[in-house]
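**Q** Build me a model from this:
(chains A and B)
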Amino acid sequence: MAEKKLVEAITSMSEDFAQWYTDVVKKAELIDYSNVKGCMVIKPAGYAIWENIQKLLDGRFKAAGVENVYMPMFIPESLLQKEKDHVEGFAPEVAWVTHGGLNPLPERMCVRPTSETLFCDFYKGDIHSYRDLPKVYNQWCSVVRWEKETRPFLRSREFLWQEGHTAHATAEEAEERTEQMLNIYADFCEEVLAIPVIKGRKTEKEKFAGAHATYTIEAMMHDGKALQSGTSHNFGDGFAKAFGIQFTDKDNQLKYVHQTSWGVSTRIIGAIIMVHGDDSGLVLPPEIAPTQVMIIPIQQKKEGVLKKAYELSEKLGNFRVKVDDSDKSPGWKFSEQEMRGIPLRVEIGPKDIEAGKCIICRRDTREKFEVAFNELEKTVEELLAKMQKEMLERAKKHLEEHTYTALSREEFENIFAEKTGFVKAMWCGESACEEAIKENMAVTSRCMPFKQECLSDTCVYCGRPAKKMVYWGKAY
RNA sequence: CGGCGUGUGGCUCAGCUUGGUAGAGCGCUACGUUCGGGACGUAGAGGCCGCAGGUUCGAAUCCUGUCACGCCGACCA
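**A** Presented below is the predicted three-dimensional model:
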């Protein structure tokens, strides 16, 4: 009875991907819009995902020697201006506080768009000797960037993130930390979020304001567009020189520290949606899903049904499990569970109780299984693991199938004219050439992958000698 | 910040062209029947039509301004 559907459906991906995204975000009840443009209310279903990201990522940080701290949210203007490239990069998008109560402030302060300057100011006073190093600090907080156009999770004016800021005695150690954190992000994406990523270095044009080098993980969304999903920067001693962060080394010489910073934001929730979602809504990888199993009783008012549902819920105590005992119809609950992306559904009704079994349905493939009660725990465990694995495999396949190689300018332009995805191509290393590509083709360099391949000797666009193989694409 | 579009009960929208005192479906509340893919009946509650000016005897409707949201572009995590 498809025509009997009375509830507003989710727009199909193929019809309008942007609208599909917005529909899913709303239907899965991840967020609501607020009264402040670009600032969203993150609802329980959305925040629970973020909490799991925090928990799992923070665990990996701690294992890598990271300590958490908290910095102020205000940055005096004079402090923000200490590093030239940095202030130029961020000045256009900071929000300013000009009054304290009724009185104008002697110096206006911005709401942190990122906290490099605060950490630097702090490190300046806190680091004196090589014995004080390294500093490997991180904070979970929100930052504000006054974006012109906003979209839930992908670009909001206030967003949640973590920002790690480290200080080291040597350039080598800073470089090592920059790579280490990028690898943590990449592993986290693949193992927990089932999102395969391309690891690489940003070009001069695309790197972070004030950084010596920016490393990135780039993920491909279902529509073939790229989403920068995590970054790690090596600052060299640039900030240290701007802020005067010096220490006395073992050789009794005064030296500047070498710094890094790295971050992942709630934007990554947008990636989860756009990599795994389908026309029925969200599909959450089991590892990150706040609820992994939803038990839906059928004819729940019949004697014993709810009791059995709770009993199964208890049996599945090792998983994140819930019983939907609301008085909606089962069909409603099925749709609801699908829109919210809950990995497994257990159906339990009078017929099942009589037969000593229940039905399990997988969210991603919609496969249904009849499972005896005594097999339930084992089957759920297997299915969750299988689903996690297959979601990554599917995403990998999608990434591979939408990654192309271009050897000539004609080929390069034709691919982007006809398809969306990543294109691997050689590049001369000139920013002017990169800008021309962006100007003419609306395509940006995503990264210079660590895994370099030599596809040819000349730049795909200008024909000059090639220096690097680059992933190109359209980005969010 | 530029282009396009949209603001009407909680949601989706109709009404606006041609001004006459606000509608539908869903949702919500109560009761009953239902329950294996968004169930049904009966009864009910709920709206100064985004906001501010203006035109008019009279404005959801016409005019001006403004704000918000969405999409596309430029910029960015």
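
**Q** shouldn't A:H165 be in contact with A:S261?
**A** Yes. The pair formed by A:H165 and A:S261 meets the contact definition of Cβ atoms under 8 Å, at 4.9 Å. The C-beta positions use only the backbone N, C-alpha and C, and glycine is treated the same way.

**Q** overlap in contacts of these two?
**A** Contact criterion Cβ atoms under 8 Å, 6 or more residues apart in numbering; residues shared by A:H165 and A:S261: A:E116, A:F119.

**Q** Which other helices and strands does the longest helix anywhere in chain A contact?
**A** The helix that spans the most residues within chain A, counting by DSSP state H, is helix A:376-401. Here helix A:376-401 is seen to pack against helix A:267-276, helix A:305-315, strand A:344-348, strand A:357-362, strand A:368-372 when contacts are counted using 3 or more Cβ pairs under 8 Å, 6 or more residues apart in numbering; DSSP states H and E.

**Q** Which one of those lies nearest to A:E453?
**A** Across the helices and strands packed on helix A:376-401, A:E453 has its closest neighbour in helix A:267-276 (24.3 Å, Cβ to Cβ).

**Q** now that closest one: mean pLDDT?
**A** Helix A:267-276 carries an average pLDDT of 95.

**Q** repeat for stretch A:453-462
**A** Model confidence over stretch A:453-462, given as mean pLDDT, is 95.

**Q** Just the buried residues of that stretch, please?
**A** Neighbour-count burial for stretch A:453-462 flags A:T458, A:C459, A:V460, A:Y461, A:C462 (criterion: 16 or more other Cβ atoms under 10 Å).

**Q** Show me the strands in the stretch 1-150 of chain A, by range?
**A** Counting by DSSP state E, counting those that start in this stretch, the stretch 1-150 of chain A forms strands over residues A:31-33, A:40-42, A:67-68, A:74-76, A:95-100, A:103-111, A:135-144, given from the N-terminal end onward.

**Q** Quick one: the ones you listed as JSON lines, columns for mean neighbour count too.
**A** Written out in JSON lines, the entries for the strands of the stretch 1-150 of chain A read as follows (neighbours: other Cβ atoms under 10 Å):
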{"stretch": "strand A:31-33", "mean neighbour count": "15"}
{"stretch": "strand A:40-42", "mean neighbour count": "18"}
{"stretch": "strand A:67-68", "mean neighbour count": "12"}
{"stretch": "strand A:74-76", "mean neighbour count": "19"}
{"stretch": "strand A:95-100", "mean neighbour count": "11"}
{"stretch": "strand A:103-111", "mean neighbour count": "14"}
{"stretch": "strand A:135-144", "mean neighbour count": "19"}
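
**Q** I'd like those as a markdown table, with mean pLDDT appended.
**A** Written out in a markdown table, the entries for these read as follows (pLDDT from 0 to 100):
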| stretch | mean pLDDT |
| --- | --- |
| strand A:31-33 | 83 |
| strand A:40-42 | 86 |
| strand A:67-68 | 98 |
| strand A:74-76 | 91 |
| strand A:95-100 | 84 |
| strand A:103-111 | 86 |
| strand A:135-144 | 96 |
